[in-house]
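**Student:** Sequence and computational prediction follow.
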Amino acid sequence: MEPTMSENVTPKLVATRGKFARQSWVIERTPLVIGREADCDIILNDPKISRQHVRLTQTADGRFQVEDLESRNGTWVNGMRLKGSRLLEDGDELDLARMVTIVFVASEITEPLAPEEIQESYRLRLDRNARRVFIGDREILPPLSVPQYRLLELLFDANGGICTREDVVSAVWPDDVSDGISEQAIDALVRRLRDRISEYAPDHQYIVTVRGHGFRLEQG
């Protein structure tokens, strides 16, 4: 038997990663187009999102399917590159351009946890005025170096989205010529920051390398 949606729950899309995290959209009608154009049904104003990136439609039996609209930077469903269209299941994750993650929610059971519900003992927090960093209620001491803090702040502000190596250079070394910063220097900085954080949370990898794209911060 094909899985069906709960009749008591209106399906929705919930952004869980990237700069649009915490936003949600009820699917009131189809077709529904997601992209950065002003006339899209859901507008994601990010240069890596195509003007019309994906489209959701509904089949004759009431199920939803997603179609990639030949987007420039691609779409993934549960980690698999989307070619053409496919049916959506409750809880499926749509990854647009490796920048935004959106969960298809068709039941209350799979409603994603809000960021504030993440286990507080592992949450990474910044005190920007004092440039202090905390893992839960424990402060990282001695303080991070200026480059380490700038890198962490960049990743933190991306809210789970990917920061490219160019983003890192601009944030960490704003006064230097980008061509003068080597890949090895960036990797060494990321490694040192990981090492400092792991002293306080050895069981979780906060800084994730997305091969071919850059880095992102993954809260505990």
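**Tutor:** Happy to help now that I have it.
**Student:** max-length helix in the protein?
**Tutor:** Taking DSSP state H as the criterion, the chain has its longest helix at helix 183-198.
**Student:** and the next element down the chain from that helix?
**Tutor:** Note on helix 183-198: by DSSP states H and E, the next helix or strand toward the C-terminus is strand 207-210.
**Student:** What pairs with that following strand, parallel or antiparallel?
**Tutor:** According to DSSP bridges, strand 207-210 forms sheet pairs with strand 214-217 (antiparallel).
**Student:** Run through who's touching the strand it pairs with.
**Tutor:** With Cβ atoms under 8 Å, 6 or more residues apart in numbering as the test, strand 214-217 has contacts from 17, 124, 152, 155-156, 158, 160-165, 167-168, 190, 206-210. Glycine gets a C-beta too; all of them are placed from N, C-alpha and C.
**Student:** Narrow those to those in strands?
**Tutor:** For the contacts of strand 214-217, the ones inside strands are R17, L124, I207, V208, T209, V210, with DSSP state E as the criterion.
**Student:** Of the residues you listed, just say which sits nearest to D90.
**Tutor:** R17 (18.5 Å; Cβ to Cβ).
**Student:** If any of the contacts of strand 214-217 are buried, give me the PyMOL selection for them.
**Tutor:** The PyMOL selection below is limited to those of these classed as buried (16 or more other Cβ atoms under 10 Å):
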select buried, resi 17+124+152+155+156+158+160+161+162+163+165+167+168+190+206+207
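**Student:** ok so, going back, could you identify the most distant pair in the ones in strands among the contacts of strand 214-217?
**Tutor:** L124 and V210 (18.3 Å).
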